[in-house]
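Peer 1: Need coordinates for the following:
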Amino acid sequence: MIFKYLPRSYAAGKDDPVAKEKVHYASTLAGMAFANAFLGLCHSVAHKLGAAFSLSHGIANALVINQVIRYNATENPGKQAVFPQYKFPNTKAKYGQIADELNLGGGNDDEKVDLLINAITQLKKDIQIPLSIKDAGVSEKDFYDKLDGLVDQAFDDQCTGANPVYPLMVDIKNIFIKAYNGEI
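Peer 2: Sure thing, here's the model as predicted:
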């Protein structure tokens, strides 16, 4: 729904009330979903990134989502979050299901994850969201001066424990650095 209506809503604004309504509806569904589930590392990193550099929470999430998807898309995580209802997190397959719902194509889950990340990148371009923390106006000096503190804080964030792949601090640091440079 977001991939279809957010670019329309962004481009047309008040002149496309249907698109605006659909975006509001999608936002409501997302809120209902995470109120009944858990958030993860994307939100942990975004909480700290936004607070440190005065970025909105939505933008901060958008700046790190691709890196977190790539990090989580593993079949054999070294350390997993504990969810007794699941034998394994199966995160890569879940991302593949999202790609399938979006009709992105792909012959296997690795390809589907790549296509999902590409679709998210294109959506960000379509609505003029920066593709990196650097592009969001954060200076390299300011970023690296705060990086170790951000990593510590993100590791301790309440959402981190619910991430399907439980990160080490070095993993979080790499996500921040890749997001700063726009690497995936």
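Peer 1: Break down the chain into its helices, ranges please.
Peer 2: 2-12, 17-35, 41-53, 57-72, 91-101, 109-126, 140-156, 169-181 (DSSP state H).
Peer 1: out of the ones you listed, nearest to residue 162?
Peer 2: Shortest distance between residue 162 and the helices of the chain, using C-beta to C-beta, is found for helix 41-53: 8.7 Å. (C-beta placed from N, C-alpha, C; glycine too.)
Peer 1: List the buried residues of that closest one.
Peer 2: Of all the residues in helix 41-53, those buried under the rule 16 or more other C-beta atoms under 10 Å are 41, 42, 43, 44, 45, 46, 47, 48, 49, 50, 52, 53.
Peer 1: I'd like the distance between the last one and residue 176.
Peer 2: The spacing between residue 53 and residue 176, counted by C-beta to C-beta, to the nearest Å, is 11 Å.
Peer 1: Touching both of these two, which residues are there?
Peer 2: Shared contacts of residue 53 and residue 176 (C-beta atoms under 8 Å, 6 or more residues apart in numbering): residue 133.
Peer 1: Tell me which of the helices of the chain sits most buried.
Peer 2: Mean neighbours per residue, mean count of other C-beta atoms under 10 Å, is largest over the helices of the chain for helix 41-53, with a mean of 23.
Peer 1: Now do it against helix 17-35, angle only.
Peer 2: Between the axes of helix 41-53 and helix 17-35, defined by axes from the mean of the first three to the mean of the last three C-alpha atoms, to 10 degrees, the angle is 110 degrees.
Peer 1: Helix 41-53 packs against which elements?
Peer 2: Applying 3 or more C-beta pairs under 8 Å, 6 or more residues apart in numbering; DSSP states H and E, one finds that helix 41-53 contacts helix 57-72, helix 140-156, helix 169-181.
Peer 1: got the angle between that helix and helix 169-181?
Peer 2: 60 degrees.
Peer 1: For the helices and strands packed on helix 41-53, could you give me TSV that also reports mean pLDDT?
Peer 2: What follows is the helices and strands packed on helix 41-53, written out as TSV (pLDDT from 0 to 100):
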stretch	mean pLDDT
helix 57-72	98
helix 140-156	99
helix 169-181	98
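Peer 1: any chance of those in CSV, plus distance to residue 132?
Peer 2: Shown next, in CSV, are the helices and strands packed on helix 41-53 (distance: least, C-beta to C-beta, whole Å):
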stretch, distance to residue 132
helix 57-72, 7
helix 140-156, 10
helix 169-181, 6
